[in-house]
Structure formats: structure tokens, C-alpha cells
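kindly return the folded structure for what I paste below:
(one chain, ligands or ions: 1)
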Amino acid sequence: MPDIRPTVGSGALVLNATYEPLCVVSVRRAAILVLSAKAVCVADGDGILHSARNSLPVPSVVRLTRFVRVPYRTHVGLSRRAIFARDGWRCAYCRGPAETIDHVFPRSRGGRHAWENVVAACARCNHTKGDKTPAELGWRLHALPAAPKGTAWRVLGHRAPDPRWADWLDLREPEAA
Ligand SMILES: [Zn+2]
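This next block holds a predicted model:
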């Protein structure tokens with residue numbers, strides 16, 4: 001194992017040989033993949049990593065040299081982070097910065113905790129909305145909530161993406177309702 005001291009604590013995005021996003025690993029792990037020729041660096045991060053024999057730029061995105069078969073997962077876990085990521089960290093009602101999760105059809109009235117019924121919301125809209133539906137308030141959802149699709153969710157469901165990864169992750173805004 002090379003003695004690699006990461007200069008930053010951030011992770012590196014790992015792409016399959018087909019450029020499909022796979023996961024996020026530590027910068028150290030990504031560097032080992034590159035040094036052992038299991039991956040090539042496709043985007044540098046900040047700084048230089050030093051080992052006893054090598055030095056290389058901190059990897060921000062690496063691509064595996066051999067294709068790895070990944071079981072296709074259709075279900076994206078309904079985590080708080082995944083909901084914020086799907087909605088672009090913005091309130092579904094006023095488009096301000098989102099801080100809370102709102103159930104469109106209120107849970108107190110039988111609304112489900114499901115992708116189709118949860119949206120990111122700012123504290124003010126969430127508080128004002130209370131136990132009412134958007135229709136009862138005359139509010140309009142910016143986008144119809146739906147379960148996210150695509151391989152980028154292997155990454156987006158777990159952590160905030162590094163801006164340098166945008167080229168490899170599909171970070172478009174949800175379609176307007
Ligand atoms: Zn709002």
C-alpha cells in the first residue's frame with residue numbers, strides 16, 4: 001500500500017469503463033486505483049498526493065479501466081438528501097432554499113411517505129402549508145414529484161456532489177409540472 005496522505009478530505013467520483021457513475025470513494029482509494037492501473041484519472045482535484053515513490057494530482061474523477069457489471073437497481077432510497085438532490089435543494093413552492101421535507105398531501109390526512117408525495121420545501125412554506133394541500137391554498141408545485149431515475153442516483157442519494165463531477169452526473173432541473 002502506498003503511503004498516501006490526502007491534502008483534502010473530499011471524495012473522488014468513480015466511473016465505470018463506460019463513464020457511468022458508480023460510487024464515491026476516498027481520495028486515497030481513488031489514488032490507489034490509479035497507481036495500480038485499475039483506473040485512470042479523468043479530472044484532477046486540488047493538490048498533489050505524495051507516496052514514497054510517486055506523486056500524482058489529487059484525483060477528483062477516475063474511470064475504471066475494466067468494465068464492472070453492476071446490478072441494476074430500480075429503486076432509489078427515499079432519503080432526506082436524495083429528496084433535496086432531486087429537487088435541486090430548492091423549495092417546491094417558492095423556489096427559495098429548501099430546509100425541510102414536505103408531504104404534498106399531508107401525512108396527518110393519510111398522505112404517503114413516497115417519492116410521489118414528498119418535496120423539498122423552505123421552512124416558511126412548510127409552516128404556512130401545515131395540514132393543507134397545495135390546491136386548498138391555491139399553490140402550484142414547481143414540478144410533479146416522482147422517483148428519480150438514472151445512474152447518477154448511486155451518487156446523488158448519498159452525498160452532495162462536487163461541482164467538478166457535474167459533467168458525469170445528470171444534474172438537470174426537474175421538468176416543470
Ligand atoms: Zn418556500
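
where's Ser108 relative to the ion, distance?
Taken as Cβ to the ion, to the nearest Å, the spacing of Ser108 relative to the ion amounts to 20 Å. Every residue, glycine included, has its C-beta placed from N, CA and C.

run a quick neighbour tally on that residue.
Around Ser108 sit 9 other residues, with neighbours defined as other Cβ atoms under 10 Å.

same check on His103?
A count of nearby residues for His103, using other Cβ under 10 Å, gives 20.

sec struct for Arg164, please.
In the three-state summary, Arg164 is assigned as helix, counting by DSSP: H, G, I helix; E, B strand; the rest coil.

chain neighbours aside, what residue packs nearest to it?
Using Cβ to Cβ, 6 or more residues apart in numbering and skipping residues adjacent in sequence, the residue nearest Arg164 is Ser60, 4.7 Å away.

pLDDT on the helix or strand that contains the one you found, on average?
Ser60 belongs to strand 55-64 when assigned by DSSP states H and E. Throughout strand 55-64, pLDDT has a mean value of 92.

next structured bit after that strand?
Moving toward the C-terminus from strand 55-64, the next helix or strand (DSSP H and E) is helix 80-86.

what comes up buried for that next one?
Applying a neighbour-count criterion of 16 or more other Cβ atoms under 10 Å, one finds 82-86 buried in helix 80-86.
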